[in-house]
Structures are given as structure tokens and as C-alpha cells.
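> Just need the structure, nothing else, for what follows:
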Amino acid sequence: MRRYSRFRSNPTDLTAGDGADRPINQITRREVQEFDVGAPFGKYHYHTASDNIYVVLAGKVSALVDGESHLLSEGDLVFIPAGVPHMTSNGGDTVARALEIYAPPAGADSHPAPDPRA
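Numbers count the residues shown, from 1 in each chain. Model (predicted):
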């Protein structure tokens, strides 16, 4: 897992970088997730074809990535390569929001993984 602090860029300004000059919306799927205070972790899972990038927009996000716990704050970015199991939850006392980016934008590419906390 790579963690980058204080990411301050507009992801919609990016291009594929492969010479095809395709806009980012053709090579990624993006969604904003909200994490309610006290909500449980989502299921521990991995993606075979997609890397994940989380950019924390507000609050704190707790992430369990490849068995390691991380607390991410507003402006933090985490990169999770394809095949690495992970799950996320609210890590603070206010509603948290994160931009989640899948690259490439695979369809039903979520597979359960054994929860290391069990």
C-alpha cells in the first residue's frame, strides 16, 4: 500500500497517459462514498482487474489493507493495487467522505477475502 498525504488535484483533469488521449472518465470509475459514524466495516475483499485509489474528502477513514490498519485524514490518498484485500469504515466522530477510483473500470470485480481479524 502506498499512502500519499495532502493530495490536492482535480482527478477529472487527468488523461490516460497511454498516448490515446482518452479522458479519465473512459479509463476509470469514480464514486464518492459516505461513511456514517459508527458504521461497521464493509466486507474484506479484493479486485482482480482494478486498482483502487481512495482520496479522503472529509473526516477520517479507517482502512484495513492487506491485514494492516491505517487511519486516513482529509486530503490523504491511498493506492491499493489489484489483488490486495481491503475494507474501509469511518475512523472518526463525524461523517467521512472519500472519492474512490477504480482503474480500469471493471464491472463486477469484487471478490471476498478471509477477514484477517477473525
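> ok, now which ones touch P114?
Y44, P85 (CB atoms under 8 Å, 6 or more residues apart in numbering). The way it works is simple: take the backbone N, C-alpha and C, and place the C-beta from them, glycine included.
> Enumerate every residue touching the closest residue to T94 other than its chain neighbours.
Closest residue in space to T94, ignoring its immediate chain neighbours: G59 at 4.9 Å, by CB to CB, 6 or more residues apart in numbering. Shown in contact with G59 (CB under 8 Å, 6+ apart): F35, E74, N90, G91, G92, T94, V95, A96, R97.
> now, which of the residues you listed lie within strands?
F35, N90, A96, R97 (DSSP state E).
> For the closest residue to the second one other than its chain neighbours, give me its contacts.
Put plainly, it is N90. Spatially, and ignoring its direct neighbours in sequence, N90 is nearest to F35 (3.8 Å; CB to CB, 6+ apart). Residues near F35 by CB under 8 Å, 6+ apart: G59, V61, T88, S89, N90, V95, A96, R97, A98.
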